[in-house]
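Engineer: Fold the following and give me the result.
(one chain, ligands or ions: 2)
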Amino acid sequence: MPSGDYDPDAAERHWQQEWVENETFAYPEETADPDTAFAIDTPPPTVSGSLHWGHVYGSILQDITARFHRMSGSDVLFPFGYDDNGIASERLTEDELDIRHQDFERREFQQKCREVCREYESDFTEKMQGVGVSIDWNNTYRTISPEVQRVSQLSFIDLYDQGREYREEAPAIWCPDCETAISQVETEDAEQDSHFNDIAFEVVGAESDPDLPAEFTISTTRPELLPACVAVFVHPDDDENQHLVGEQARVPLFDHEVPIIADERVDMETGSGIVMSCTFGDQNDIEWYKAHDLDLRVAIDESGHMTDLAGKYSGMEAASEAREAIVTDLDDAGVLEDRWEISHTVNVHERCGVGVEFLVTEQWYVEVLDKTDEYLAAGREMEWFPDKMFSRYEHWVEGLQWDWCISRQRSSGIPFPVWYCTDCGEEVVADKADLPVDPLSDDPPVDACPSCGHDDFEPEEDVFDTWATSSLTPLINAGWDWDDEAEEFTMERPEIYPMDVRPQGHDIISFWLFHTLIKCYEHTGEVPFDQTMINGMVLDENREKMSKSKGNVVAPDEVLEKFPVDAARYWAAGSAIGDDLPYQEKGLRAGEKLIRKLWNASKLVESLAPEPYPDEPDELREIDRWLLAELDREIETISTQLENREFSKARDGLRSFFWGTFCDDYLEIAKQREDASARYTLRTAHRRFLKLFAPLLAHVTEEIWHQDYGEESIHLTDWPEPLGIEADHDAGATATSVVGVLRKYKSEHQLPLNATIDEVEVYGDVRGFEADITGVMHVDDLSVHPDAEPPVETVVSGIDLDYSTVGPKYGGDVPDIEAGIEAGDYELVDDELHVAGHELDADEFEVERTRELQAEGDLLDAEGVVVIVRNEE
Ligand SMILES: [Zn+2]
Ligand SMILES: [Zn+2]
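Structural biologist: Ligands and ions are numbered 1, 2, ... in the order given. Reported below is the predicted structural model:
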């Protein structure tokens, strides 16, 4: 039995170890059945640093879901992954060891990544176990492992075979800091300070043609792109500048001539309405390059430095050094007409914050633009919690401008299983049976080029985008593989696919959810999830985003030193799904109080209904029937709420029912009784409360359960089903409220709880509960009047002025008004107050009313019922 004070530190650590050691949450492989399997596609955190509150918060919501479904009879697969391939882990390694990947042999650098990641991964494990997340630790995966590399390369080959991938030399989005191509989803807008520069361009031949102006103005924030200028554009509706179309312009400082062309994509509102097009400043430049077959003038290289094309600026850092030098020279040459500071939005790489460039490079793409309608429809097939998050998916799909670039010019990642014929360039992909392969060390599957017969090949050196692999988690979890003999794809655990729920943050809908959906959909023809559960972010106390630069980050470790894990779990469940949740200690303190309440109530139940626990008696007292019937209702409500991922509603409803109805009302009644019906009810309700609280307060419920009810983990017991007990809910509620006010009456009159009360009259319906009231409260004579009017009159007992309006409006007359009210010298006419010669409007005062008993006795203040007590003390 629970005794003494609860020690959360010891109990929580104890149960976390027990759960892991006993494999309490292992997925029961052998009994797997699609009808009972419940698979959660947990997000594998990117190994890019320590886990923060966002991870912990999301994991707790997933865990509540897992524990609820496990108790409800499902075989829950709750896996855990470590996403440790790709740029994020590489950059972590570079930062941690203060090195650059370019300075190492690829294998050597990969080794370093592994070492750094391993440390972080054991920290992830510790944290997840430390918040009691019911993960199946037999089902973990690392995205860099050979098994996952095989799945990832299989996926590449399958899409290649389906004709949904292509390699193309074309403008690609490029990060000059990470020195790799990236995809559209990895870019984000950032506000940066810059300058607008008005630069004069000469019109070629103007000196011999009096109709032509000598020059025109181009406004640009990127003067370093002047050497890359390939054309000048004018809008076809721009009457003022139309005569320039068809002429040539001379680029200042660099002196090459470029055509002046009309095109509708020109924004006439910006600058002079005449723009230069370069290789490549933005997406418009790329469109112009394609539409008008323009030259390629590459002035910026892979590392963001100027190329030889930039002449004396060659080798300078483009966005800083070269920009300043060119502006200075433009000024010296007298062609810088104006320059002013601006703040504008630039497209940056989300991982490093550096502005992206567009470089013509050879990259691999997954085709997506041709099927956006289909992918939208597939997204709609899932059930979304909350519903509103679908619009984020929709906006992303509708705003797609690029196919998905999946090749990265980095070191640590999963290699492309591809070689190229050195003679004709033919692409040779690996045999599926041989995967995983690394073309840098493995041979191609053919001796001679299938196209030209040549026998020399070069390996693809690029690696996959990290999302190309993490987008396969449903297939990784399902054990998707290629059976070479049967020549078909197989699944080790077909029963879990499609998975039941994909939980994740709203910040990666465009990254993870979208890419998972399209990949799994293309491989299997099915949407990979039945539903998706999108959690919000954890904000600081003032509802601001936590960030290192703002210094408002609260680390999970610090919090868990101060509070029990169950208190943190209680806090985490306090949001509506999808909403952001501020980190507030008062939320954790409320959790702590509830844990204490549950512990103390359990002790009381134990003392009121000690072992042996009674069987169900032949007849339950009406008040006991009522409590169990109320609890039935509560169980139905909570179950539905948890099904709908309404965590905070379930939490708050359960808490208030437990605290108010069970502890404040019922337990106080039960204290006065010693019968079998009360003992049975106490135990039945107690067991049920523990189970209902188990998904939320996972540790304290396990501790009490073991002390009271046996060896089996509470988390493996069955979720309570309603008992189907009938009772008059309203009469029961009224009766408990009557008992409550009588108890209060006794304590206010310093009467012992077992003191007799002579006479009680109840004007309300407590029929069926009379014996409970008289028995528990020792009432000699109880009379119940369910339909009669009580002898009570409501009288006006005072007037409250609203001084914020009365003060300014009546000024010096206010003392007279007050005196009139004090003396009772006023009249209420309709909604107005007539006093001291004024007529006050209804919103300027409030009428206080009290109930007066028009008979002998004491009128007790009960909710919704009139209780009169007569007692000779
Ligand atoms: Zn970058
Ligand atoms: Zn060839």
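Engineer: which stretches of the stretch 501-650 of the chain aren't confidently modelled?
Structural biologist: Counting by pLDDT under 70, the stretch 501-650 of the chain contains no low-confidence residues.
Engineer: And the strands in it?
Structural biologist: Taking DSSP state E, counting those that start in this stretch as the criterion, the stretch 501-650 of the chain carries its strands at 529-535, 538-539, 581-582.
Engineer: do the same with the stretch 751-873 of the chain
Structural biologist: Using DSSP E, counting those that start in this stretch, the strands of the stretch 751-873 of the chain run over 757-763, 779-784, 792-801, 826-829, 832-835, 838-840, 845-853, 858-862, 865-870.
Engineer: Relative to C175, which of the ones you listed is closest?
Structural biologist: For the strands of the stretch 751-873 of the chain, the distance to C175 is smallest for strand 845-853, at 64.6 Å, taking CB to CB. No exception for glycine: its C-beta is placed from N, CA and C like everyone else's.
Engineer: Would you mind listing what in the stretch 151-300 of the chain touches ligand 1?
Structural biologist: In this structure, the stretch 151-300 of the chain approaches ligand 1 at residues 175, 177-178, judged by CB under 5 Å from the ion.
Engineer: so can I have JSON lines of the strands of the stretch 501-650 of the chain showing mean neighbour count?
Structural biologist: Shown next, in JSON lines, are these (neighbours: other CB atoms under 10 Å):
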{"stretch": "strand 529-535", "mean neighbour count": "22"}
{"stretch": "strand 538-539", "mean neighbour count": "21"}
{"stretch": "strand 581-582", "mean neighbour count": "20"}
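Engineer: A430 is nearest to which of the ones you listed?
Structural biologist: Of all these, strand 529-535 comes closest under CB to CB, at 29.8 Å.
Engineer: Off-centre distance for that closest one?
Structural biologist: 11 Å (CA atoms, centre = their mean, to the nearest Å).
Engineer: which helices and strands sit right next to it?
Structural biologist: helix 53-71, strand 383-385, strand 499-505 (3 or more CB pairs under 8 Å, 6 or more residues apart in numbering; DSSP states H and E).
Engineer: Partner strands of that strand, with direction?
Structural biologist: When pairs are called by DSSP bridges, strand 529-535 turns out to pair with strand 383-385 (parallel), strand 499-505 (parallel).
Engineer: which of those is buried the deepest?
Structural biologist: Ranked by mean neighbour count, the strands paired with strand 529-535 are led by strand 499-505 with a mean of 22 (mean count of other CB atoms under 10 Å).
Engineer: quick check: angle from it to helix 53-71?
Structural biologist: Strand 499-505 runs at 160 degrees relative to helix 53-71, counting by axes from the mean of the first three to the mean of the last three CA atoms, to 10 degrees.
Engineer: right, and D664 touches G740 too?
Structural biologist: Yes. With contact defined as CB atoms under 8 Å, D664 reaches G740; the gap is 7.4 Å.
Engineer: which one of those two has more residues nearby?
Structural biologist: When neighbours are counted by other CB atoms under 10 Å, D664 and G740 differ, and G740 comes out ahead with 19 against 13.
Engineer: Out of the strands paired with strand 529-535, flag the one nearest ligand 1.
Structural biologist: Nearest of the strands paired with strand 529-535 to ligand 1, taken as CB to the ion: strand 499-505 at 21.2 Å.
Engineer: Off-centre distance for the closest one?
Structural biologist: The answer for strand 499-505 is 11 Å, by CA atoms, centre = their mean.
Engineer: And the contacts of that strand?
Structural biologist: Contacting residues not belonging to strand 499-505 are listed as 37-43, 54, 58, 61-62, 65, 69, 382, 474, 477-478, 512-513, 516, 528-537 [CB atoms under 8 Å, 6 or more residues apart in numbering].
Engineer: now swap in stretch 696-710 and tell me
Structural biologist: The contact list for stretch 696-710 (CB under 8 Å, 6+ apart) reads 1-2, 6, 8, 11-12, 15-16, 63-64, 67, 132, 134, 564-566, 569-570, 573, 591, 594-595, 598-599, 602, 606, 650-651, 654, 686-687, 690-691, 693-694, 713-715, 717.
Engineer: pLDDT below threshold where in the chain?
Structural biologist: Looking along the chain with the criterion set at pLDDT under 70, you get 1-2, 873.
Engineer: So which bits of it are right by ligand 1?
Structural biologist: Within the chain, the positions adjacent to ligand 1 are 175, 177-178, 349, 352 by CB under 5 Å from the ion.
Engineer: first to last residue in stretch 78-90, what's the distance?
Structural biologist: Stretch 78-90 has an end-to-end distance of 28 Å (criterion: CA to CA, to the nearest Å).
Engineer: how far away is the residue nearest to D484 when sequence neighbours are not counted from ligand 1?
Structural biologist: Closest residue in space to D484, ignoring its immediate chain neighbours: A433 at 4.1 Å, by CB to CB, 6 or more residues apart in numbering. For A433, the distance to ligand 1 (CB to the ion, to the nearest Å) stands at 36 Å.
Engineer: Pretty sure A433 sits in a helix.
Structural biologist: Yes. Under DSSP: H, G, I helix; E, B strand; the rest coil, A433 falls within a helix.
Engineer: ok, whichever residue of the stretch 501-650 of the chain sits closest to ligand 1 - contacts?
Structural biologist: Evaluated by CB to the ion, the stretch 501-650 of the chain has F511 as its residue closest to ligand 1, separated by 15.2 Å. By CB under 8 Å, 6+ apart, the contact set of F511 is 185, 467.
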